[in-house]
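K.L.:
sequence unavailable; structure follows:
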């Protein structure tokens, strides 16, 4: 077992113990598929570590990157792919997707993204809304996306748990669930919660109502956490007592009765507070929808007050206004290239946002989609941002920009030791592009997930296809 | 030479109409994508006088005092078409008071009155924040399309130039917009069959002179507006399902309308029929998801298939603030099989043909209004940006609210990082 798997196991045990459960529920059933070794020869390799290697080979076996270098020899039975003139990158990672929870077709029966019945629904888990047959997973795969974080919508202050999925075809979401990935918690700033609940004439209806809502929720979680801590202290004391050798003084008690110590009763489980307590414990990572720079700063203060960390702001259209602070505090910003203006809090969006957020040292700029369309072209979103950065005097080469789509999102998920770069020992999520991926004409030719060829443009008949698409809608009508 | 003289004559006529005289402009040594049968001209010059193109080719001579731009082989295209948009009709979609796109009288289906006489171009604000940030990306004109309120007739729209002038509407571009399919069914009592029933009723009313009957769909002004479209008027039908597209085309032709299909996610399925009926399609070539049951056959190859079948196509993102992204639509269509020249035509000359402004817009040719864009590279490439933009021969100042925000915060960031 490698270190990471061990950490994941420990985390699982810790979760189970803290909640008084037997094991983590809804375990992943994903298994790395058996596939032959693959030698990708002679491509331009963007490693995701910031390097660009020309005419370089990448060797994959047993689901992992085995070697990167020149003139690598192919092991027996290896599939050899000529990638000369093509580009090789890590699989792309989208940390803001609603595929499966807002699936297409967008009919009422599949509208499962927002539990908009209460402003704090930390008890809901996005995975329980995921429809694995969403055809959007396949089109995202064709765009090179190998890992996605599926989030609840942003109607609520605290919308619920996210889930990290591998973009593989499966009948159940458990078959897609990234083994050992930490859960995220979706939170939302600004207009959406106050519009949704203000419209129902209930709190929050203002931004100050929003902040009061986050604070009360985490104050309650602190209480809950303390009640469990107290229980665990009492339980430990009880167990200690029980295990201790009989005490003579007890026998000599007045009434002579042997008083067995009573075990403490566990507090009643509260699924909402359980999730929030896990945020306070540092086991669940906070991803927060937040457009405006001032609100991001306010929420950093809220996080400080309660001692949790916000790992990434999503839809951070004003992140460029506080790029320094985000970098200094190690907070990622996930952004679109050029969305702006569809609501007041998006009015100050600019096309240099990604490039400016990327500029400070220790920055963590991420391209995200929030869209079944945009997720198919994350590379083009990055390309547009590169062009606008360049015009503003911020020169961002491809080997750096690829990190917006690979290493940085992996880092925000806490998975940077497993995916997001092409390095020996990493999971073999690899995309072979027909050219420089930062071009409108670039297409993913082949996509590997854990070393398995999952999409091959040259063999479209073999590509994953949702059950929903069966049924003969695709023929050209006769004249 | 004869053509050159004609060009000057046209220039003079337009100049007389507009009053002001922009400086002559000579763009020298460009790679000129004419978006016409002449294709691409290497190392070519474009001469502009009075806001109109008067010469295209080698060694055009400029009068003294003309502005001369050395293109050094960079690519020059006609000003781009922004698609069917709300540019200048709306600042922020979610703030209703900033939006004038849609007539919604909030009447139930059985009490509806239709207002084909509505013309959203009357609400166009040339000083909108969105106008400068659209035109500095090379989009110089767009089609204002009304949104869909509580009736399937959204009203009329028109093409506008984005140079900031008050009288922005391009002559001859007025168009009626009708919403069909599942989206429209909500507005006609729950079935798309009622769309045709109600349209028939409205057409009958329009053809019956005199005052409106009680309970009629149309007022007198509405009757007068609609009847104009029944003798070859251009009507954009927003419709996606293949079967509906054929029904709409047949209906429109039967009633004397000239149909244009907008949306058209499944249009490729009936491409041959559309080509035969000479019906153009305005589509977003990125749409490939079965977003509902009207879009099951949506495909990234739509544009290529329609074009190959002989259908005239134009591109529109349908995303209001993002008219500036039309180039990305075109580039992706090329990646999925559309010839490059056809993709450029889909954001220049084709929409000009479709909306009746081809005599003045959409190509780089003598007699055309000088809407020109000089690019940093391949105009359809996402890493390319507009270097210079001219509308009616006038140089566009390359600033917007967004560039001002950028400059303000980039300065601070650089100072802070330098510390």
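P.N.:
Perfect, thanks for sending it. Since we're looking at a predicted model, the values are computed, not measured. Numbers count the residues shown, from 1 in each chain, chains lettered A, B, ... in the order given.

K.L.:
who touches residue B:32 in this structure?
P.N.:
Shown in contact with residue B:32 (Cβ atoms under 8 Å, 6 or more residues apart in numbering or on different chains): B:40-41, B:44, B:46, B:56, B:76, B:364. Every residue, glycine included, has its C-beta placed from N, CA and C.

K.L.:
just those: which are in strands?
P.N.:
The strands, defined by DSSP state E, take in B:40-41, B:44, B:46, B:56, B:76 from those.

K.L.:
for residue A:413, the count of nearby residues, please.
P.N.:
26 (other Cβ atoms under 10 Å in any protein chain shown).

K.L.:
so it versus chain B, what's the distance?
P.N.:
25 Å (Cβ to the nearest Cβ, to the nearest Å).

K.L.:
on the three-state scheme, the residue in the stretch 1-150 of chain B that chain A sits nearest to is what?
P.N.:
Proximity of the stretch 1-150 of chain B to chain A (Cβ to the nearest Cβ) peaks at residue B:94, 4.0 Å away. Following DSSP: H, G, I helix; E, B strand; the rest coil, the label given to residue B:94 is coil.

K.L.:
that one reaches residue A:343, doesn't it?
P.N.:
Yes - Residue B:94 is in contact with residue A:343 according to Cβ atoms under 8 Å; the separation is 4.0 Å.

K.L.:
quickly list what's touching both of those two.
P.N.:
Both residue B:94 and residue A:343 are contacted by residue A:191, under the criterion Cβ under 8 Å, 6+ apart.

K.L.:
hang on, the earlier thing: next up, the contacts around the residue of the stretch 1-150 of chain B closest to chain A.
P.N.:
A:191, A:342-344.

K.L.:
which residue comes closest to the residue nearest to the spatial centre of chain A once chain neighbours are left out?
P.N.:
In chain A, the residue lying closest to the centroid (Cα atoms, centre = their mean) is residue A:149, at 3.5 Å. Distance criterion Cβ to Cβ, 6 or more residues apart in numbering or on different chains; nearest residue to residue A:149, sequence neighbours excluded, is residue A:95 at 4.4 Å.

K.L.:
doesn't that neighbour lie inside a strand?
P.N.:
Yes - under three-state DSSP, residue A:95 sits within a strand.

K.L.:
could you pull up the residues touching it?
P.N.:
A:148-149, A:287, A:312, A:314, A:334, A:366, A:368, A:409, A:412-413.

K.L.:
hmm, back to that, which two in the contacts of residue B:32 are spaced the farthest apart?
P.N.:
B:40 and B:46 (12.9 Å; Cβ to Cβ).

K.L.:
who's more crowded, the two?
P.N.:
Taking other Cβ under 10 Å, residue B:40 and residue B:46 do not tie; residue B:46 has more neighbours (28 against 16).

K.L.:
quick one, strands of the stretch 251-400 of chain B?
P.N.:
Counting by DSSP state E, counting those that start in this stretch, the stretch 251-400 of chain B has strands at residues B:258-263, B:281-283, B:313-315, B:372-375, B:386-391, B:394-395.

K.L.:
quick one: mean pLDDT over the first one.
P.N.:
In this model, strand B:258-263 has an average pLDDT of 98.

K.L.:
could you list the low-confidence segments of chain A?
P.N.:
Where chain A drops to pLDDT under 70, the residues are A:1-22, A:247-258, A:472-479.

K.L.:
try chain B
P.N.:
Where chain B drops to pLDDT under 70, the residues are B:1-22, B:320, B:419.

K.L.:
care to break the chain down by domain?
P.N.:
If you meant another chain, say so; for now it's chain A. Chain A breaks down into these structural domains: A:31-90+A:422-470, A:92-244+A:263-419 (assignment by automatic domain parsing).

K.L.:
you answered for a different chain; I wanted chain B.
P.N.:
Taken from automatic domain parsing, chain B resolves into B:1-79+B:362-419, B:82-359.

K.L.:
please work out which of those is packed deepest.
P.N.:
Ranked by mean neighbour count, the domains of chain B are led by domain B:82-359 with a mean of 21 (mean count of other Cβ atoms under 10 Å in any protein chain shown).

K.L.:
for the strands of the stretch 251-400 of chain B, which one sits closest to chain A?
P.N.:
Closest of these to chain A is strand B:386-391, at 9.6 Å (criterion: Cβ to the nearest Cβ).

K.L.:
so who does the closest residue to chain B within chain A touch?
P.N.:
Residue nearest to chain B within chain A: residue A:440 (3.2 Å; Cβ to the nearest Cβ). For residue A:440, the contact set (Cβ under 8 Å, 6+ apart) comprises A:380, A:383, B:328, B:331-332, B:334-335, B:380-382.

K.L.:
identify the farthest-apart pair in these.
P.N.:
For those, the farthest-apart pair by Cβ to Cβ is A:383 and B:334; their separation is 14.9 Å.

K.L.:
circling back: what's the distance between the closest residue to the residue of chain A closest to chain B other than its chain neighbours and residue B:322?
P.N.:
Nearest-residue entry for residue A:440: residue B:331, 3.2 Å, with adjacent residues in sequence omitted and distances by Cβ to Cβ, 6+ apart. From residue B:331 across to residue B:322, the span is 14 Å (Cβ to Cβ, to the nearest Å).

K.L.:
just to revisit the earlier point, restricted to strands, list the contacts of residue A:95.
P.N.:
Reading strands off those with DSSP E, I get A:148-149, A:287, A:312, A:314, A:334, A:366.

K.L.:
columns distance to residue A:137 on top of the domains of chain B, output as TSV?
P.N.:
Output for the domains of chain B, formatted as TSV (distance: least, Cβ to Cβ, whole Å):
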stretch	distance to residue A:137
domain B:1-79+B:362-419	24
domain B:82-359	11
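
K.L.:
right, and those domains - which one's nearest residue A:460?
P.N.:
So among the domains of chain B, domain B:82-359 is nearest, using Cβ to Cβ, at 11.2 Å.

K.L.:
picking that back up, wait, the residue nearest to the centre of chain A touches residue A:161, no?
P.N.:
No - the criterion here is Cβ under 8 Å, and residue A:149 misses it with residue A:161 at 10.7 Å.

K.L.:
list residues touching both of the two?
P.N.:
Shared between the contact lists of residue A:149 and residue A:161 (criterion: Cβ under 8 Å, 6+ apart) are residues residue A:184.

K.L.:
where do the strands of the stretch 101-250 of chain A begin and end?
P.N.:
Using DSSP E, counting those that start in this stretch, strands in the stretch 101-250 of chain A cover A:145-150, A:158-161, A:163-166, A:184-188.
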